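**Student:** coords please:
(chains A, B and C)
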Amino acid sequence: MKKVLEGSHAVAEAVRLAKVQVISAYPITPQTHIVEILSDYVTTGKMDAKFLRVESEHSCLAALIGAQSTGVRSFTATSSQGLALMHELLHWASGARLPIVMAEVNRALAPGWNIWSDQTDSLAQRDTGWMQLYCEDAQEVLDTTILAYRLAERVNLPAMVVLDAFFLSHTYEPVDIPSPEDVDRFLPPYVPAFILDTAHPCSLSPLVTPNAYLEMRYDIATAMEDALEAFVAVDGEFADIFGRRYGAVEEIAGSDADTIFVTSGTVTSTARMAVEELRARGEKVGALKIKLFRPFPVEAVRRALAKAKKVIVVDRNFSFGASGIFAQEVRAALCNLPGHPPVFGYIAGLGGRDITTKMLLDIYFEVKRSDMPVQDSIWVGLQEVNRAT
Amino acid sequence: MEAPIPLKNILYMPRTSTTTEMNKTGSWRFLRPRYEEKTSPCSAACPAGEDIARIEMLITQGAFKEAWETILLENPLPGVCGRVCYHPCEGKCNRREFDAAVAVHTMERFLADAAARNETKPALPRQPATGRKIAVIGSGPSGLSAAWFLNLLGYEAEVFEAMPAPGGMLRWGIPAYRLPEAVLNREINRIVDQGVSIKTGETVSAGRFEEMRKSYDAIFLGCGYWRDRHLNIPGEDGPGVEDGLSFLREIRSGVKRKVPGLAAVIGGGNTAIDVARSVIRQGGQAVIIYRRRRDDMPAFAEEVQSALEEGVELRELLAPVEITAVGPDCLLTLQPMQIAGRDRDGRGKIAPAAAPPIQITVQRVFTATGAEAAASWYNPTAGGAPETGVIFSHCRLHADGRGAPVVYGGDLTTADKNVTQAIASGKQAALALDIFFRHGADAIEERLAPCRVGNGPSLSLEIYIGGRRKERNAHIVTYGEINTDYFQYEARIVQPRLLIEERHASFDEIELKISAHTAMREAGRCFNCGICNACDNCYLFCPDVSILRARDMTDRRINYDYCKGCGLCVVECPRNAMTLDEEETS
Amino acid sequence: MQLEALDRELMCSGHVGCPGCGATIAMRFMLKALGEKTVLVLPACCWSVIAGPYPQSSLKIPVIHTAFETGGATASGVRAALDMKGDRETTVVTWAGDGGTFDIGFQALSGAVERNEDFIYMCYDNEAYMNTGIQRSSSTPYGAWTTTTTGADWKKLRKKNIVEALVAHRIPYAATANIAFPEDLVRKVKKAKEVKGSRFLHIYASCPTGWRIPSEMSIKIARMAVQTNIFPLYEVENGVNYTINVKPREYLVREYFKLQGRFRHLSEADLDQIQAMVNEDWELLLRKAGEHA
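**Tutor:** Next up is the predicted model:
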């Protein structure tokens, strides 16, 4: 059924359809609408679930680790500071092999307080063992949330569904809300691989000595690897039932492109417009949308970019002392490919500053003029600032 | 829909699948606890060596029959001792230092009375029959005791009693208000039921004694001190002057002679007290004349107290010098005495005071200044050859090869002359004879030594026959070794007694019976020094779950596979029934 | 003493608790009181190690080990999940040390009890961060040496009154308990089991290693803590009704202090001052219970 929904609302709908049983969330702009809607669903009985109004994000994830270990499907949503506060337990959730799903609204990290779109918060958690799926529009947000449960429960790893602050969380778009019957067909009830059970008692997450820790970590690594295949399968199953397929990456006009933009999140929509305009001008340009960031779809990225002559990565994030993070990952994916294209890294839109089509066009022409990147990261739109006295 | 992708991984994750029990933490130990029962001070103080801490424990648990049998294994006359013993056990009771001693005496009487009320028959271990016959002369406490223990040791005991009824001093010397006849009869009947034969009206002369030495395998001589000692003052054979013991015997025979007026009782022992209190009950008044002070009186302090409560007067530091008949009355001339230093036994040494003698008029005089053997040949030294005798703490064995060995016991040989010491003497004699027959006279001392309770001289039959008590460490538990954190102050039971007026009116028993509930509560005050009463502190407080208990909770063991030797069990055992040793290093 | 029908053991031998460990004694009594329909949430503390290294567990109930500060929060999640599964029989217990309760775990605890989550939070208190090597916590008593309050810098701040902090949340049931009083502890655990909402138990658990006392003194010291009024045994219902369970005989505080190596440095004047502080706290407690000294 098609409805015009706010991005946040789409998340909530997906959580409802996924029949999540325990929700724990702590409000942080711009995630608050998700939390409020879900709270209302639980209160009015639209969802049969427990909503734990915990006192911090760290406690959110702790509560979900407890709930998921007891054998029920759980959910949380957060952003920026909240995600950063959860950091310790992000590691815990994956180490404990719990298929928790989280909606992560990409928001800038303080100081200074900035509630607008920025990807550094979720990307700073890329080492935690969580799968990461980036979304471009409200439909994708809803679909990915449902898909994430299927994927996570298959490989026993947690997953975060990432959406841009305000650009996606607070904008309204038409969304096709699937029927509960269809969702039930796609996403069967959660069957935990292990639970806390007084009939069969065991201890979860005890002390582990060097004798066994390495192997447990290896098991997580192989699960992540399996997730690549699993994603493809699940993506296909989703398409079979709902008619929509996203792919770990999406190539946009890339078959004969000399230059390919690499983007994620809502910037991809801007990139589509830039590509359309540039193509109209005869430029051989394309774009590669990266949806699946963890595990990083190395093969798909290589296939998509190998034949290009130049790659432009637009990062709405930065890893200080290194470079934009998508650029890093793309460089790493390409570095062992003989004759791979140079990667031009551009940093733009931090803290919610708009990334316009014109910006992308300017970037394109700058790259066109350059054989090699003059530096690893070029910051776009820097203004002169008056130094504080 | 495509088939699900099979996972290569097996979900190797931090999740447990077994217990820590494969980790034998016993290897950590450098101290090693163990269960080791020790000796309670009461049981060591008891001349009969009764296993008192255990007895009290059994009462607390409601196991009255077993408690009673525990007494009987060491003392055949609990109904008697529970009434007339001077309870040295209470004097050593560790609970004294906490609030008040446990009323062991009352508990013993309770058990005997409960058994009688329920007509309980005891089940006691008896050694295999030896085929030997022992003659026991005298059926007083020492003779009854000797016969009882000889019987338990597998001997056939035959008791010869001159008087028409058995019991010796128990019957003829102790008044009924202290020891009712019915109680005495049932105690003696139990001894008979066990297989001892008692022949009354049988006097053994010196000649008959020599014959018995040929026909019996051994003889125990417990004839006691039946003859009143003379005062050796002028007028003591006059009218109105009587021997106290005879007076008591007369009352016991059923003669209820009224003795109105004031009677003077000369002496300071239990007999003097008994005489005075009997006079009160026979319509008279009594004044006890004692040459030393009250504290020096050999009579039991409680007896003196009771006498005074009943109206007996006590005049101290007066020694009789002459008795003169004045009409129907007696005029007593008494010399005031004074304390001049101390006697060897610690009592005040007396000497005549400077004051002149005083005189009092009384209606009659009773003498009770001590007794001696009725016939000279009763005395062990009468035979004249002390070298053939082996002297033990409570008896004396003569084995000269000219017939059966003779053991002298009871008042004839004990230093303190009272019922419980006599019982101890009979027991010692029985054990000594058994050792004599099996291993010879020289082995007796050596083989008696391990049977001592604590450091002696009390002996335990249970230890001798190899019972569980044998495992006890002879160390006597002190108050400092009790963990008093586990006890609350609780008042000692006060046994109800007849009122003074009621006591004057009859020879009925003064102390009244107590209920089972009261007994259990009082016995519950006992610390059970040195023995395990299954309180389970060790089990509860072990951090390593290393105390194992038998299904019926009677047995406890330490699981040394896991015990880390922390020592909590030993410290929290309220009664020092555990010991901590150094772990052996291999 | 006899604790009837509590012979069932849900704790195994072979764990690596120090000899005489009070925390293991506390756990053993607690499990006897609650039984096998219990899920234990175990944040970082000594018991994280005593519970056994992979693949061993020293407990016969399900345990979820969790991060240090998450005791209250994780339990909230476990409870919610059990409720969603329709299981109202299983009791959720958080078993945390003083560190994970008084300090780093305080937020999660306060949050959980403010929501009146239906679980029992039990803090076994050995008065320092023992697992990491005897560092001070806000539960360390006035006067104590720890590895972070050494020499002249012995702790000159009072022990945080955690029970009062929780009573201020008006939770249905809060109580103190002590390993030397097993009947009282078991009674309180059983009572807590029957109450709905947030329940808090503060359990005194001696630590021979950290307090520098001989291992066999664990129980005796614990008992003295109550007898000296340093650790009174009391209950508070609904944040208002105080019941003092034990009124000991007169017992001087210095008797307790002199037996422990961690207090060895205290002078007579220090001990006098501490006695005055203990008296003051005791009188305050008496007033709250509506009684007088």
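**Student:** So what's the residue count around the nearest residue to A:Pro373 once chain neighbours are set aside?
**Tutor:** Distances taken as CB to CB, 6 or more residues apart in numbering or on different chains put A:Phe344 closest to A:Pro373, at 4.6 Å, once the chain neighbours are dropped. Using the backbone N, CA and C atoms, a C-beta is placed for each residue, glycine as well. Per other CB atoms under 10 Å in any protein chain shown, the neighbour tally for A:Phe344 reads 26.
**Student:** how's chain B carved up into domains?
**Tutor:** B:20-37+B:532-582, B:48-122+B:475-523, B:133-226+B:373-473, B:230-369 (automatic domain parsing).
**Student:** Same question for stretch C:256-270: list its buried residues.
**Tutor:** C:256-257, C:259-260, C:262-263, C:266, C:270 (16 or more other CB atoms under 10 Å in any protein chain shown).
**Student:** Return the backbone torsion pair for the nearest residue to B:Glu509 once chain neighbours are set aside.
**Tutor:** In this structure, B:Glu509 finds its nearest non-sequential neighbour in B:Pro180, 5.2 Å apart by CB to CB, 6+ apart. Phi and psi for B:Pro180, reported as degrees, to the nearest 10, are phi -60, psi 150.
**Student:** Surely B:Pro180 touches B:Ile510?
**Tutor:** No. Between B:Pro180 and B:Ile510 there is no contact, the gap being 10.4 Å when judged by CB atoms under 8 Å.
**Student:** ok, C:Glu235 - contacts?
**Tutor:** For C:Glu235, the contacting residues are C:173-176, C:188, C:242-243, C:245, by CB atoms under 8 Å, 6 or more residues apart in numbering or on different chains.
**Student:** doesn't it fall inside a strand?
**Tutor:** Yes. Per DSSP: H, G, I helix; E, B strand; the rest coil, C:Glu235 lies within a strand segment.
**Student:** How about it: which residues does it bridge to?
**Tutor:** C:Ala175, C:Thr243 (DSSP bridges).
**Student:** quick one: it from C:Leu285, how far?
**Tutor:** 12 Å (CB to CB, to the nearest Å).
**Student:** which residues are in contact with both of the two?
**Tutor:** Counting by CB under 8 Å, 6+ apart, the residues touching both C:Glu235 and C:Leu285 are C:Tyr242.
**Student:** Near residue 127, how many other residues are there?
**Tutor:** Looking at chain A here, since you left the chain open. Neighbours of A:Asp127 (other CB under 10 Å): 11.
**Student:** my bad, chain C
**Tutor:** 26.
**Student:** Let me see the contact set for it.
**Tutor:** C:Glu127 touches C:98, C:137, C:139-141, C:144, C:159, C:207, C:210-211, counting by CB under 8 Å, 6+ apart.
**Student:** Then A:Lys284?
**Tutor:** With CB under 8 Å, 6+ apart, A:Lys284 has these contacts: A:256-259.
**Student:** B:Leu459 now?
**Tutor:** B:Leu459 neighbours (CB under 8 Å, 6+ apart): B:49, B:424, B:427-428, B:431, B:448, B:451-453.
**Student:** Chain C versus that one, what's the distance?
**Tutor:** Here B:Leu459 is placed at a distance of 35 Å from chain C (CB to the nearest CB, to the nearest Å).
**Student:** how near is the closest residue to that residue other than its chain neighbours to B:Arg469?
**Tutor:** Distance criterion CB to CB, 6+ apart; nearest residue to B:Leu459, sequence neighbours excluded, is B:Cys451 at 4.7 Å. B:Cys451 sits 9 Å away from B:Arg469, taking CB to CB as the criterion.
**Student:** just checking, B:Met22 touches C:Cys12?
**Tutor:** No. B:Met22 lies out of contact with C:Cys12 (CB under 8 Å); the separation is 9.9 Å.
**Student:** Please identify which of the two sits among more neighbours.
**Tutor:** C:Cys12 (20 against 9).
**Student:** would you list the contacts of C:Glu127 in CSV and tack on secondary structure and distance to B:Gly565?
**Tutor:** Formatted as CSV, these follow (DSSP: H, G, I helix; E, B strand; the rest coil; distance: CB to CB, whole Å):
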residue, secondary structure, distance to B:Gly565
C:Asp98, coil, 27
C:Ser137, coil, 29
C:Ser139, coil, 29
C:Thr140, coil, 28
C:Pro141, coil, 29
C:Ala144, coil, 27
C:Lys159, coil, 32
C:Cys207, coil, 18
C:Gly210, helix, 19
C:Trp211, helix, 19
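**Student:** got a winner among those for most neighbours?
**Tutor:** Neighbour max across those (other CB under 10 Å) = C:Thr140, 29 neighbours.
**Student:** shouldn't that one be in contact with C:Lys156?
**Tutor:** No. Using CB under 8 Å, C:Thr140 is not in contact with C:Lys156, being 10.8 Å away.
**Student:** doesn't B:Trp68 make contact with B:Ala114?
**Tutor:** Yes. Counting by CB under 8 Å, B:Trp68 is a contact partner of B:Ala114 at 7.3 Å.
**Student:** Show me which of the two is the more surrounded one.
**Tutor:** Between B:Ala114 and B:Trp68, B:Trp68 has the larger neighbour count (other CB under 10 Å), namely 26 against 19.
**Student:** longest single helix anywhere in chain A?
**Tutor:** Determined from DSSP state H, the single longest helix within chain A is helix A:210-242.
**Student:** What's the first helix or strand after the strand ranked longest in chain B?
**Tutor:** Criterion DSSP state E: the longest strand present in chain B is strand B:329-342. Moving toward the C-terminus from strand B:329-342, the next helix or strand (DSSP states H and E) is strand B:348-352.
**Student:** which neighbours does that following strand have in its sheet, and in what orientation?
**Tutor:** In the sheet, strand B:348-352 lines up with strand B:329-342 (antiparallel) (DSSP bridges).
**Student:** So what's the gap between the strand it pairs with and the chain middle?
**Tutor:** In terms of CA atoms, centre = their mean, to the nearest Å, the centre of strand B:329-342 is found 35 Å from the chain centre.
**Student:** Kindly report the residues of the stretch 1-150 of chain A close to chain B.
**Tutor:** Contact residues (CB under 8 Å from any CB of the partner chain) of the stretch 1-150 of chain A with chain B: A:95-97.
**Student:** ok, back up a step: filter the contacts of C:Glu127 down to the ones near chain A?
**Tutor:** Applying CB under 8 Å from any CB to these, none is adjacent to chain A.
**Student:** Show me whatever sits in contact with both of C:Thr140 and C:Lys156.
**Tutor:** Contacts common to C:Thr140 and C:Lys156, judged by CB under 8 Å, 6+ apart, are absent.
**Student:** returning to what we had before: so B:Pro180 and B:Ile510 - more neighbours on which side?
**Tutor:** For B:Pro180 versus B:Ile510, neighbours defined as other CB under 10 Å are more numerous around B:Ile510 (20 against 16).
**Student:** Spit out the contact partners of B:Leu124.
**Tutor:** B:69, B:72-73, B:152, B:194.
**Student:** could you dump those residues to TSV with distance to B:Glu481 and pLDDT?
**Tutor:** Below are the contacts of B:Leu124 laid out as TSV (distance: CB to CB, whole Å; pLDDT from 0 to 100):
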residue	distance to B:Glu481	pLDDT
B:Glu69	28	97
B:Leu72	29	97
B:Leu73	26	97
B:Leu152	33	97
B:Gln194	38	94
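**Student:** sorry, back to before: out of the residues of the stretch 1-150 of chain A next to chain B, which comes closest to chain C?
**Tutor:** A:Ala96 (8.6 Å; CB to the nearest CB).
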